[in-house]
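K.L.:
let me see the structure of the following:
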Amino acid sequence: MKLNWVLLVALGACVPPGNSTKDDSGTTSTTNVTAAPTYRPSIGVMTTVFEDNFDRVARPGPALLPTPSASVSPMPSASGLVLALGSGSATPAQPPVVDELGPNWRQAATNAWHIENGRLCGQHAQNHGVWLNRVLPVNARIEFDAIAENPDGDLKAEIWGDGQSHATQATYNNATSYLTILGGWKNKFHVLARINEHAPDRREIKVDKDSDDPKDHPVSVGQIYHFKIERNVGKTVRWAVNGLDMLSYDDPSPLAGMGHDHFGFNDWDVKVCFDNVKVTPLP
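P.N.:
Numbering: from 1, shown residues only. The predicted structure is shown next:
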């Protein structure tokens, strides 16, 4: 009898009835852990090099014709002007119109992106990017030139994303990709991030214009920055600019496969331009 009473007391001491907490389940950490994405092999993965220098052929715009009367017919002149017989007036044709981005690119719920002087440019995109319509393999090298048209810098690209996502709120913390940002936050940081560009685990370099290390310098208006982003072992993303190794992200839960197999450019507000894209599949 005494033994049974001792056992009951001991058992009751382990978890007092009505006083157990969530910590009793073994969950004691308050750190948010990102779950590993479910890997699904991509379909239609690119196997050859893709390149685009955005040199689009312009097509002539439609002529602005005056409304002819029943007795007067318009006649084109050798100079490209449209002459209205009997009136002596001439109306010039519209200037050449550059074709749209083309079949290899699509904008993410925006019209902020356009071709300008042989470059892909965007402004006021509010984190609505433009995606390449090619399926990346798990391992690839992505290269391009980036040019800032504003002292704020903010040269941004997304790699291994879903090819269609964009910001759904002011803070872009729900991307599907890795993000490289040169001169972000008004030229204060260079950042390599995963999913959330504001995440505490992002890799960053604080900009310092007086630093002896050129990696620390701010983005300069009009300068061409050659980006190279590479993953060749399925896990570590490496980013270099103008031949300088900037940052790397060793990811235990790599973004890869369906839903994480596209590349694109992005922008918040200031004008940015990109050129000479080259995507190389790697073994």
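
K.L.:
identify the residue nearest residue 194 in space, chain neighbours excluded?
P.N.:
Nearest non-adjacent residue to residue 194, counting by C-beta to C-beta, 6 or more residues apart in numbering: residue 178, 5.5 Å away. Quick note: C-beta positions are derived from backbone N, CA and C, even for glycine.

K.L.:
what's the neighbour count on that neighbour?
P.N.:
25 (other C-beta atoms under 10 Å).

K.L.:
could you list the low-pLDDT ranges of the stretch 1-150 of the chain?
P.N.:
1-36, 58-99 (pLDDT under 70).

K.L.:
one more time with 80
P.N.:
1-37, 57-99 (pLDDT under 80).

K.L.:
which residue is the nearest non-sequential neighbour of residue 103?
P.N.:
Going by C-beta to C-beta, 6+ apart, residue 103 has residue 133 as its nearest residue, at 6.8 Å.

K.L.:
need the contact list for that neighbour.
P.N.:
Taking C-beta atoms under 8 Å, 6 or more residues apart in numbering as the contact definition, residue 133 lies against 103, 104, 105, 106, 163.

K.L.:
try it again with 10 Å
P.N.:
Taking C-beta atoms under 10 Å, 6 or more residues apart in numbering, we find residue 133 in contact with 50, 101, 102, 103, 104, 105, 106, 163, 262, 264.

K.L.:
okay, the residue nearest to residue 194: pLDDT?
P.N.:
Per-residue pLDDT puts residue 178 at 98.

K.L.:
that one and residue 217: what is the separation?
P.N.:
Residue 178 sits 23 Å away from residue 217, going by C-beta to C-beta, to the nearest Å.

K.L.:
likewise for residue 243?
P.N.:
From residue 243 to residue 217 the distance is 14 Å (C-beta to C-beta).

K.L.:
neighbour-wise, which of these two wins?
P.N.:
residue 217 (17 against 8).

K.L.:
the more buried one contacts residue 210, doesn't it?
P.N.:
Yes - the pair residue 217 / residue 210 is scored as a contact, 9.1 Å apart, by C-beta atoms under 10 Å.

K.L.:
what's the spacing between residue 137 and residue 187?
P.N.:
Relative to residue 187, and taking C-beta to C-beta, residue 137 is found at 33 Å.

K.L.:
residues in contact with the closest residue to residue 258 other than its chain neighbours?
P.N.:
In space, and not counting its chain neighbours, residue 258 is closest to residue 40: 4.1 Å by C-beta to C-beta, 6+ apart. Going by C-beta under 10 Å, 6+ apart, residue 40 touches 256, 257, 258, 259, 260, 261.

K.L.:
and if you look at residue 37?
P.N.:
Each residue near residue 37 by C-beta under 10 Å, 6+ apart is listed here: 176, 195, 253, 254, 255, 256, 257, 258, 259, 260.

K.L.:
now the strands: where do they sit in the stretch 101-250 of the chain?
P.N.:
105-107, 113-116, 119-122, 130-132, 140-148, 155-161, 178-183, 189-194, 203-206, 224-231, 236-241, 244-250 (DSSP state E, counting those that start in this stretch).

K.L.:
okay, now residue 44: neighbour count?
P.N.:
Counted with other C-beta under 10 Å, residue 44 comes out at 8.

K.L.:
do residue 120 as well
P.N.:
Neighbour tally, residue 120, other C-beta under 10 Å: 22.
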